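Q: Predicted model, plus sequence, below.
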Protein chains: 2
Amino acid sequence: MIPVDEARERLAAALRPLPVESVSLQDALGRVLAEPVVADRDFPPTDRSAMDGFAVRSVDLPSPGTLRVVAEVAAGTDPAGVAVGAGDACRVFTGAVIPHGADAVVMVERCEEDRKAGTVRVDDRPSAGQHIRHGGQDLAAGETVLSPGARIRPAEIAALASVGCVDVPVHRVPTVSVLSTGDEIVTPDREPAPHQVRNSNAAMLVAQVREAGYAAIDLGHAPDRPDELRQKLALGLESDLLLVTGGVSVGDYDLVPDTLAELGVETLFHGIAMKPGKPILAGRTRAGGVVLGLPGNPLSVFVGFKLFGESVLKAMSGIEDYWPRPRFVTLTGAIRRRPGRETYHLATIEGDEATPVSSTGSGDVLSLARGNALVVTEADASEAPAGATLRAFPF
Amino acid sequence: MIPVDEARERLAAALRPLPVESVSLQDALGRVLAEPVVADRDFPPTDRSAMDGFAVRSVDLPSPGTLRVVAEVAAGTDPAGVAVGAGDACRVFTGAVIPHGADAVVMVERCEEDRKAGTVRVDDRPSAGQHIRHGGQDLAAGETVLSPGARIRPAEIAALASVGCVDVPVHRVPTVSVLSTGDEIVTPDREPAPHQVRNSNAAMLVAQVREAGYAAIDLGHAPDRPDELRQKLALGLESDLLLVTGGVSVGDYDLVPDTLAELGVETLFHGIAMKPGKPILAGRTRAGGVVLGLPGNPLSVFVGFKLFGESVLKAMSGIEDYWPRPRFVTLTGAIRRRPGRETYHLATIEGDEATPVSSTGSGDVLSLARGNALVVTEADASEAPAGATLRAFPF
């Protein structure tokens, strides 16, 4: 058994971002940029009106006055051929290119237009540059818009679209397989006998992977027979991450660790001083993939994925800050516990306060849905008193 | 212009959860449960061993002693026919049904088995019930596992799988269309002329919708010509939510409001005392759908979706608490502003501190990617000083 921190370090040493690929703008959402993206033009590309109103020469209006309306330029209008001379004004709309000669915009609320006469009465004394967004003022052509490592959110999608980056260089996302073991489990659509339980782990893990932004293949159930187990594990090891549930303890029926070793998996660790999840196993395949063996009880599976699985996926997809970040919460009621292992308790967080969820143990699958966070008590503590500050991982 | 709160109220009055449909377990992720789900059996279904070890009769071990090993029961073993009599022990694994006659489990670490002799030396004085998870102790058959309104996370997926609920009754999720207007925009893959800009709004909105957990259809671009606009708008109004960008101000070219009215859309509001986003329009279709008209500049689109669009989608999919919940942050540097409208400033949040992002205005699309939150200054304030506590909406 090693401490949780050391498990993290050993796993981190085996994690690398996956190679770069090019994806479409929409497929880039959630991905991590692998190369810098620069502006292909100035932003804005030319001087633009920031208002609906009239483009004027500021020198013509030392005081309010009447100007001749010579043209109209909307946001989509090519203003070539439009010129604002002495005494002229040009009707403009927000986003319109400032026509040649004009150096200021007066907002429409300060203007009274006489369409018949072709004039506008301007009640303003504009300064040069007023209500104009200048070409290149946001960013100049060639400057960096987004840097490698940027996680692509909708805001980054907008930036990529604006500079015409429609083939986006990103890290490939990991492929994931989920394999269940254990002779006691049946698929959720079946009626289990009294000594059987429905397999909740596979569906939960597939959902956890999907919630994290990735896709998982459910390889189904491998019975506790060496040949079939080996065959299924070999298939799963073709993925970048294989998640196996059950069969990793030291019991007679726990065949997973030996079978993985026979398949060339290098063990990174097997056994962590944490609760639940003590028998968790992590290994590295020859091809650079990762396998996580999680004990078969649902809380261990949930916690194991949350603490390690999700981080493996993030690291492989190029996210640098890939470990879950705790927040700190105040415990509303005492938690009594046996010293020995860092313990992850199911809790509900409301504001900065955490209340433990009653659970009968790591087999109590139904208790999970009553919580929204895991709170952590340290290895050597015999109690976390009410009012204690604990690390929390919301989910 | 109405205050933001009143805009929320008017919109809320038009929002209803969509009808119920049945989806598969995996498709239920992110959905909202529409009917209660009850346990179809006890949890656990029978008394189970919580450990690897030996099932014994506690009366046989008032002090450490040696017992006869009569059978072995694993998690998947049907224990019918196995009985633990006086002086007997049965080898059990975690999750195994407790065989008839036994009332306690001794963990394997306290046992020394002699396989040749068929006996086990037990160094423990177990109390009745020790290391046994009792049938029904988590939940009894018929009790409620999940209630209507529950948002289905991976934890709920596990609960649904456990009780065999593989056809999950959930609210339908809204369909969404995105329509762009404005003669100045070209698609992101094109080289724009100096008076043109690439359309970043459509890609951003589709990504915002997707990030919120829904899917959007991009209807493309409607030129500022009444017939084509009307045709595209009519198509978009077939969705549960139509998001239109551009064309909602009071300028000569802003045709969207009148065209929507002609198409039978009832205006809920048009004009909000907020910045950016003053011209935002919301309407309700005859079929109960919603349309949001957002001004064409990218920050207005982003803020408009974040404040209103996402909530419409949540409400329609059955989420009760659908308005974005602010958190409170401390401003690191002063924000000067003109009193009048509630203002949403781009900022970066680190811990509880918010720093404004420099931006040249609501047309500065590239500034969005430098922020991770919107912070709010109130309508009547002329300044938010450093150290002020502001509402923040992280993104």
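A: Yes, it's here. Numbering: from 1, shown residues only, chains lettered A, B, ... in the order given.
Q: hey, where'd the strands end up in the stretch 101-250 of chain A?
A: Assignment of strands within the stretch 101-250 of chain A using DSSP state E, counting those that start in this stretch yields the ranges A:104-107, A:111-114, A:119-122, A:132-133, A:144-146, A:167-171, A:176-181, A:185-186, A:197-198, A:216-222, A:241-245.
Q: out of those strands, deepest packed?
A: Each of the strands of the stretch 101-250 of chain A was scored by mean neighbour count; the highest is strand A:241-245, a mean of 28, by mean count of other CB atoms under 10 Å in any protein chain shown. Glycine gets a C-beta too; all of them are placed from N, C-alpha and C.
Q: Report the residue ranges of every domain in chain A.
A: Domain assignment for chain A by automatic domain parsing gives A:4-17+A:173-316, A:20-40+A:146-171, A:48-133, A:327-394.
Q: would TSV of these with distance to B:V122 and mean pLDDT be doable?
A: Listed next are these as TSV, based on distance: least, CB to CB, whole Å; pLDDT from 0 to 100:
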stretch	distance to B:V122	mean pLDDT
domain A:4-17+A:173-316	18	95
domain A:20-40+A:146-171	54	98
domain A:48-133	83	96
domain A:327-394	21	95
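Q: Make TSV out of those domains and add distance to chain B.
A: Formatted as TSV, the domains of chain A follow (distance: least, CB to the nearest CB, whole Å):
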stretch	distance to chain B
domain A:4-17+A:173-316	3
domain A:20-40+A:146-171	4
domain A:48-133	3
domain A:327-394	4
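Q: could I get the strands of the stretch 101-250 of chain A as TSV with distance to A:V376?
A: Shown next, in TSV, are these (distance: least, CB to CB, whole Å):
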stretch	distance to A:V376
strand A:104-107	57
strand A:111-114	64
strand A:119-122	67
strand A:132-133	50
strand A:144-146	35
strand A:167-171	30
strand A:176-181	26
strand A:185-186	29
strand A:197-198	28
strand A:216-222	26
strand A:241-245	22
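Q: Next, the angle from the helix or strand where A:V291 lies to strand A:176-181.
A: Element membership for A:V291 (DSSP states H and E) is strand A:290-294. Put simply, strand A:290-294 runs at 30 degrees to strand A:176-181, going by axes from the mean of the first three to the mean of the last three CA atoms, to 10 degrees.
Q: which other residues reach strand A:290-294?
A: For strand A:290-294, contacts defined as CB atoms under 8 Å, 6 or more residues apart in numbering or on different chains pick out A:11, A:14-15, A:201, A:236-237, A:240-248, A:256-257, A:260, A:265, A:270, A:277, A:279-285, A:300-301, A:304-305, A:308-309, A:312, A:316.
Q: in its sheet, what does it sit against?
A: strand A:241-245 (parallel), strand A:281-284 (antiparallel) (DSSP bridges).
Q: and of those strands, who's closest to A:D103?
A: strand A:241-245 (59.7 Å; CB to CB).
Q: Distance-wise, check A:V173 relative to A:K314.
A: The gap separating A:V173 from A:K314 is 10 Å, by CB to CB, to the nearest Å.
Q: State the number of residues packed around A:R8.
A: Neighbour count of A:R8, defined by other CB atoms under 10 Å in any protein chain shown: 17.
Q: What backbone torsions are found at it?
A: phi -60, psi -50 (degrees, to the nearest 10).
Q: Contact partners for it?
A: Residues in contact with A:R8, defined by CB under 8 Å, 6+ apart, are A:308, A:311, A:323.
Q: Just among these, which is most surrounded?
A: Using other CB under 10 Å as the neighbour criterion, A:F308 leads these with 23 neighbours.
Q: Could you look up the SS state of that one?
A: Taken by DSSP: H, G, I helix; E, B strand; the rest coil, the conformation at A:F308 corresponds to helix.
Q: OK, contacts around it?
A: Contacts of A:F308 (CB under 8 Å, 6+ apart): A:7-8, A:11, A:280, A:282, A:292.
Q: The closest residue to A:G340 other than its chain neighbours: neighbouring residues, count only.
A: Closest residue to A:G340 apart from its sequence neighbours, by CB to CB, 6 or more residues apart in numbering or on different chains: A:A379 at 6.5 Å. Neighbour count of A:A379, defined by other CB under 10 Å: 15.
Q: what's near enough to touch A:A379?
A: Going by CB under 8 Å, 6+ apart, A:A379 touches A:3, A:273, A:339-342.
Q: quick one: secondary structure of it?
A: coil.
Q: Could you measure from it over to A:A282?
A: With distances taken as CB to CB, A:A379 is found 19 Å from A:A282.
Q: and what of A:V59?
A: 73 Å.
Q: and what of A:G236?
A: Using CB to CB, one obtains 14 Å as the distance from A:G236 to A:A282.
Q: and the residue most central in space within chain A, what does it touch?
A: With distances taken as CA atoms, centre = their mean, A:G30 lies nearest the centre of chain A, 5.3 Å away. Counting by CB under 8 Å, 6+ apart, A:G30 touches A:151-152, A:213, B:211.
Q: nearest to B:P385, of the residues you listed?
A: Nearest to B:P385 among the contacts of A:G30: A:R151, at 32.4 Å, using CB to CB.
Q: How many neighbouring residues does that closest one have?
A: 18.
Q: Please apply the same query to the one 10 residues further on.
A: Residue crowding around A:A161 was assessed by other CB under 10 Å; the count is 26.
Q: Assess the claim that it and B:L205 are in contact.
A: No. Counting by CB atoms under 8 Å, A:A161 stays clear of B:L205, with 10.8 Å between them.
Q: and the nearest residue to A:G76 once chain neighbours are set aside, how many neighbours does it have?
A: Closest residue to A:G76 apart from its sequence neighbours, by CB to CB, 6+ apart: B:D183 at 2.7 Å. By other CB under 10 Å, the residues close to B:D183 number 17.
Q: which residues are in contact with stretch A:260-272?
A: By CB under 8 Å, 6+ apart, the residues outside stretch A:260-272 that reach it are A:1-4, A:6-7, A:10-11, A:13-14, A:230, A:233-234, A:237, A:248, A:257, A:278-286, A:291, A:293.
Q: buried set for it?
A: A:260, A:263, A:265, A:268-272 (16 or more other CB atoms under 10 Å in any protein chain shown).
Q: Quick check: the two most widely separated of those?
A: Spanning the widest gap among the buried residues of stretch A:260-272 are A:L263 and A:I272, at 22.1 Å by CB to CB.
Q: Mind jotting down where the helices sit in chain A?
A: A:4-12, A:154-162, A:201-211, A:226-236, A:256-262, A:298-304, A:310-316 (DSSP state H).
Q: Would you mark the buried spots in stretch A:223-235?
A: Within stretch A:223-235, the residues that qualify as buried are A:224, A:229-230, A:232-233, counting by 16+ other CB under 10 Å.
Q: How about stretch A:32-47?
A: So stretch A:32-47, judged by 16+ other CB under 10 Å, has buried residues A:32-34, A:37, A:39-47.
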